[in-house]
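S.K.: just the structure for this:
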Amino acid sequence: MNITQPPVISMACHCRGCQKLTSGPYSLSLLVPASGFEVVEGEPVLGGLHGEHKQFFCGHCKSWIFTRPNGLESFVNVRVTMLEDPSWVRPIVDIATASQLPGVVSGATHSFEGFPAAEDFTPIMQDFADSGIQPS
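M.R.: Numbers count the residues shown, from 1 in each chain. Below you'll find the model as predicted:
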């Protein structure tokens, strides 16, 4: 994959779907402009939960690469584990905290019990830009 535009939000999703797909307490991802994201090798396959949000996987190894979030079509939600060095990523927002497992703390500064509405993303994007969370 190739990311040519900076991320606009980092997030931890605590929904049951992400818990199941990652076999962990949440999925950590970066929201990047769709125009700044491309798959450069292979053809991603639709997989996962086949629900509201479309999860795409590597056709060869079956790793979860990215999601096309419903309602945010101009963005792609990229799994940080797909980055060469994800060590700089920390979430700015927790989403779907109604499903958050007990004792799980991500360190995010924003929190939503469900999925944020499109208009909720503007102030989060600004806080992310101000946070300095970017590759080193």
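
S.K.: pull the helix with the most length in the chain out as PDB, backbone CA atoms only.
M.R.: Ranked by number of residues, the top helix in the chain under DSSP state H is helix 121-131. Output in PDB follows, covering the C-alpha atoms of helix 121-131 (Å, rounded to 0.1, in the frame of the first residue of the first chain):
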ATOM      1  CA  PHE A 121     -15.100  14.700  12.800                       C
ATOM      2  CA  THR A 122     -14.200  18.300  12.100                       C
ATOM      3  CA  PRO A 123     -13.200  19.200  15.700                       C
ATOM      4  CA  ILE A 124     -11.400  15.800  16.100                       C
ATOM      5  CA  MET A 125      -9.500  16.400  12.900                       C
ATOM      6  CA  GLN A 126      -8.400  19.800  14.300                       C
ATOM      7  CA  ASP A 127      -7.300  18.300  17.600                       C
ATOM      8  CA  PHE A 128      -5.400  15.500  15.700                       C
ATOM      9  CA  ALA A 129      -3.600  18.200  13.600                       C
ATOM     10  CA  ASP A 130      -2.700  20.100  16.700                       C
ATOM     11  CA  SER A 131      -1.500  16.900  18.500                       C
END
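
S.K.: I'd like the average pLDDT over it.
M.R.: Across helix 121-131, the average pLDDT comes to 95.

S.K.: cool, stretch 74-84 as well?
M.R.: Averaged over stretch 74-84, pLDDT sits at 94.

S.K.: please begin residue numbering at 46 from this point
M.R.: Right, with 46 as the first residue, what we last looked at is stretch 119-129.

S.K.: in it, what's buried?
M.R.: If you call a residue buried by 16 or more other Cβ atoms under 10 Å, then stretch 119-129 has these buried ones: 120, 121, 122, 123, 124, 125, 127. The way it works is simple: take the backbone N, C-alpha and C, and place the C-beta from them, glycine included.
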